[in-house]
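J.: attaching a predicted model along with its sequence, questions to come.
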2 protein chains.
Amino acid sequence: MRRPLTKDEQDWVEHTLQSMSVREKIGQTMQDHAGRLPFKATDENEVRAYLEKYPVGSFFIGGEVIQKAAGKAGEYREWVELLQRVSKFPLLFSGDLEFGAGSAVKSLTAFPPLLALAAADDEALAYEYGKYTAVEGRAAGFTWALAPGTDLLLNWMNPVITTRCLGDEPGRAQRLSAAVVRGMQDYGIAACAKHFPGDGVDYRDQHIITTINSLPEQEWWSTYGKVSQHLIDQGLMSYMTGHIALPWMEGAAAQGQKPVPATVSRRITTDLLRGRMGFEGVVLSDALDMGGFLAWGDYEQRMVDCLNSGTDVLLWPGVRYFETMEKALAQGMVTMERLDASVRRILAMKAELSLQHLDAQGRDPLAVPLVDDTLKPEQDLQARELSRQLAEKCITLVRNRADILPLDPQTTRRVLVIMLNKVTQGRVFERMGLFVDQLQARGLQVDILDEFEPLNTLQKWEQSGIRWDAAFVPYFMPLHGMMNSARPVGEAAKAIWALQHAETIRPIGVSFATPFLLRDMPFLDTLVNAYSLHEETVEFTVKALFGEAPFLGHSPVDADPEEDYLSPRRVQHVPH
Amino acid sequence: MRRPLTKDEQDWVEHTLQSMSVREKIGQTMQDHAGRLPFKATDENEVRAYLEKYPVGSFFIGGEVIQKAAGKAGEYREWVELLQRVSKFPLLFSGDLEFGAGSAVKSLTAFPPLLALAAADDEALAYEYGKYTAVEGRAAGFTWALAPGTDLLLNWMNPVITTRCLGDEPGRAQRLSAAVVRGMQDYGIAACAKHFPGDGVDYRDQHIITTINSLPEQEWWSTYGKVSQHLIDQGLMSYMTGHIALPWMEGAAAQGQKPVPATVSRRITTDLLRGRMGFEGVVLSDALDMGGFLAWGDYEQRMVDCLNSGTDVLLWPGVRYFETMEKALAQGMVTMERLDASVRRILAMKAELSLQHLDAQGRDPLAVPLVDDTLKPEQDLQARELSRQLAEKCITLVRNRADILPLDPQTTRRVLVIMLNKVTQGRVFERMGLFVDQLQARGLQVDILDEFEPLNTLQKWEQSGIRWDAAFVPYFMPLHGMMNSARPVGEAAKAIWALQHAETIRPIGVSFATPFLLRDMPFLDTLVNAYSLHEETVEFTVKALFGEAPFLGHSPVDADPEEDYLSPRRVQHVPH
């Protein structure tokens, strides 16, 4: 999936590098955030003035995965063309395209998340997942997908990767992530696997503090190392380092010493990733405004250490970065050789993506045309069909002890929905309503409980004579909806208490988020994991609940570990 | 601390038992909730009619520990006298007097919580803690303290016992809980240790689901068993069973089988607690509206199983209990022998508390007089002084790596307070303001950060030139303030992220709640544990921060376990 550069391309790289001022080289090693520009981003004169002063090498654009996608593909493409036209050197545009280009751009296709792909466990689908992310992404101006996730969900309490990874099994994660990367890179977008050396071991969130991948050396090689090595050997174009320490490589943080996150660790980034593993692509740091990086030191120290560790591109350091690096170079804290090595790698990636062939209007000959902010109808249909297929294949029946499922549509007339989370308020994740809509579309009478004070409302309803033919307990938690926890806590925990006041129901858990609901609700006889509130996934979930479609998914994590319930002190998952 | 009944008392017990109707016997085995009466509780005629229909044996009164104390001691005492006057048999009045009578009655003395007592680790103080709980409690009408906690904080994630126990070390917990019990029972109040077979191993909350004490048999005996056996041998009058399963005793919950909580387990309550451990006092169940009990079965099954397991008094079953038990007796599901055995134990406890000697007005000759809703000035002063002493002795300097503490009052002029929780909103726990008040009283300029969007407010303040001589990060979480978690999650987690945007401060953690803040904030160089927002504790905390008083407490849990930070998959605490 990766080809050697042609002689012309190599020449372009070297010629471009030689033509650059120091400040222009510095600019190549930072990634700016399009959403944080201090002026109206569509004003060509403002853009020109900004890029002349701050000749950055790449921009992050689009909705972040932790928020909702926004905008139309055509607008993104126009803006990218404007910047390419104005910029002296071709720019890279990245986005968190973790579940399709639709994760950043509303008018494009949002697939079910990676954990759903792992539940479907279909390598051909995974390749298409990458391919359509790339085709749609490049059409909208993206050339760099900050995806796919190569983390492993080894600790069920991990609060941040949850559905953004390919499960807990290295073999499956390796197979599927490699297919996604191939799909992306075959269709003109650089994949950026994340996060090296691997998230998912800690119970904490690297947004908040530096987290630890505490696996010992041998276990790391047979898990994270195995997945990473495979991708590297296949020609992965870039890797994102996380604010994650790796004690077997960096040594233990002794008393009073800070753990060393990969983003500032020469041993992890240069010795391990480049040296021992042979990675020759671009190393992009994770975002530098995350708590896991901030704690490392003051601004200048952090930037210098990050670049010197072997990072090629720093994500969102802000434009202070220019003077910080100029000073660091002048004082010998950073060498020109170190800077040149990174710029050369970045330019090589640009050449491989053919960005030197943009036309004078900044237009990209490799981007397919857009029609009304989507791909041409035929291609668009293929992308949407892929999304539907994945939705159909991911729904997982984790537990069905009393054979409650599938429900009999003939006898199921009145149902109860106990909302573990009210996601229609606060953050704008309205799709929990889709679940109810699907029930009502079947002519069912739906009672909803979403207030848990007093706790005995259900008991009162029962005492008034109401009976339900089925009771659903849907759970959804938007990413960072409850920072530092993926578990049902707060109101969701109170909901668990409240629902047990009922005596006549056998609640059916339906998780649209963490696959580990049984760790806090072990009493459920029935659990379906659907991984997201993706529209078609919700539709297939309800179909499967009523026997209109089979449950085709296989749990990509140990979602029903009997022994853990009896050993609650041992709360983590042991990797395979 | 416990005496055998006199012949007269024994005669009263037997005579009273023989005189009772079946319904009256049933009433002895349930505890009603004074706050849930379906009429105006101070209307003598209403009370009489109610007790004639529902001749309950005991009432729970007062604020619950999870809420704020309310009311005046004189009002409680008057109401108790009214009920005693009206009731055919003397009543027991219980309250969650976990940290003094002030935990239920606002006008009485609220001590720092048990974990503070463990940090002070002073057996004489512990005895006084029990004594003044009893003297004040009985003066307000209480004869049964649902305290002290004998749980062990073995799992740092346990969301519910946190500061309501005596730490993690069985020897300390045994020594101090025994002293508290002696103090209570020597001064006329029945202690009710809680919870058997022991909370603190699970990461979940028995309010929400049945939790598991998963220690193997031998380890259980050397921890929870050791503490419990010591109290039993010393003459503990009552024990509260929890909705907690004990797999080594009840067997593992096989697939599809529910774990058996102690509250319905004959093996745990009768075979283990009564049989092997020789407990002859009253067994009170934990509240029956908790999720950990509700899941067991339908209402009737739960009640029958609870009584048959060996429970003497069921906490808050509601008055449906009367007909449920009448039916169960009629159908042979419960035997009269079983019922009589419990009634006899309850009456014996009443006799031991001299409740048969109330006068015709319902007045209690053993209750000391109240003056303006407190004890007489001299006694009141002693209770308040005890509270002050404990506050002085509990403040614990957990970590002081850079010798930041004590602060120099000469050079500390402007300080920053980063509120991990805004506890002045929502639930009415205003005391976080006390901490700020104490700082301001020293003439300090105090800047407060309690909004974390945008995340970089601190950075902006710093860039505007502001500098602080010290930065405090206080943490408080009211019990159940975040159900199912004691960790900083949600807004508190975002605050941790936000505070790291600062480059010029070295934050000083001050926990007024969980002692385990370092598990989520390992980067803190400095941590003080103060265990509660008790007024004098807050005062002594600030004194100690500024070197006006020494740090006298010793951490009763492993609050700074270096190795855990590097092994985040192993998130639980290993018991000593």
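T.: Arrived safely.
J.: okay, CA-based contacts and neighbour counts for the rest of this
T.: Noted.
J.: can you count the residues close to A:Asp122?
T.: Counted by other Cα atoms under 10 Å in any protein chain shown, the residues lying close to A:Asp122 total 17.
J.: now do the same contact list for it.
T.: Going by Cα atoms under 8 Å, 6 or more residues apart in numbering or on different chains, A:Asp122 touches A:Leu176.
J.: next one, pLDDT for it please.
T.: For A:Asp122, the model assigns a pLDDT of 98.
J.: what about the strands in the stretch 101-250 of chain A?
T.: Secondary structure of the stretch 101-250 of chain A (DSSP state E, counting those that start in this stretch): strands at A:144-145, A:190-196, A:211-212, A:238-241, A:244-245.
J.: in its sheet, which strands sit next to the fourth one, and in what direction?
T.: The sheet places strand A:238-241 alongside strand A:190-196 (parallel), strand A:282-287 (parallel), with pairing taken from DSSP bridges.
J.: list of residues touching that strand?
T.: A:146, A:190-197, A:262-263, A:269, A:281-286.
J.: pull the CA atoms of that strand into PDB?
T.: Output in PDB follows, covering the C-alpha atoms of strand A:238-241 (Å, rounded to 0.1, in the frame of the first residue of the first chain):
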ATOM      1  CA  SER A 238       2.000   8.100  10.000                       C
ATOM      2  CA  TYR A 239       1.600   7.200  13.700                       C
ATOM      3  CA  MET A 240       0.200   9.400  16.500                       C
ATOM      4  CA  THR A 241       2.100   9.200  19.800                       C
END
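J.: redo the strands of the stretch 101-250 of chain A as CSV? Include distance to B:Thr514.
T.: Below are the strands of the stretch 101-250 of chain A laid out as CSV (distance: least, Cα to Cα, whole Å):
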stretch, distance to B:Thr514
strand A:144-145, 41
strand A:190-196, 32
strand A:211-212, 21
strand A:238-241, 33
strand A:244-245, 26
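J.: and these as CSV, adding mean neighbour count and mean pLDDT?
T.: What follows is those, written out as CSV (neighbours: other Cα atoms under 10 Å in any protein chain shown; pLDDT from 0 to 100):
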stretch, mean neighbour count, mean pLDDT
strand A:144-145, 30, 98
strand A:190-196, 28, 98
strand A:211-212, 30, 94
strand A:238-241, 28, 98
strand A:244-245, 30, 96
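J.: compare those and give me the one nearest B:Arg506.
T.: Using Cα to Cα as the measure, strand A:211-212 is the one of the strands of the stretch 101-250 of chain A that comes nearest B:Arg506, at 19.7 Å.
J.: which secondary structure elements does that closest one sit against?
T.: Using 3 or more Cα pairs under 8 Å, 6 or more residues apart in numbering or on different chains; DSSP states H and E, the elements in contact with strand A:211-212 are strand A:244-245.
J.: and the strand it packs on, what does it pack onto?
T.: So strand A:244-245, by 3+ Cα pairs under 8 Å, 6+ apart, packs with strand A:211-212.
J.: still on that earlier bit, next, format the strands paired with strand A:238-241 as a markdown table and append distance to B:Val86.
T.: Shown next, in a markdown table, are the strands paired with strand A:238-241 (distance: least, Cα to Cα, whole Å):
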| stretch | distance to B:Val86 |
| --- | --- |
| strand A:190-196 | 71 |
| strand A:282-287 | 70 |
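J.: which one of these lies closest to B:Arg302?
T.: Nearest to B:Arg302, of the strands paired with strand A:238-241 and by Cα to Cα, is strand A:190-196 at 49.7 Å.
J.: need the contact partners of that closest one.
T.: Residues contacting strand A:190-196 (Cα under 8 Å, 6+ apart): A:143-151, A:181, A:184-185, A:228, A:236-242, A:244, A:262, A:284, A:286, A:349, A:353.
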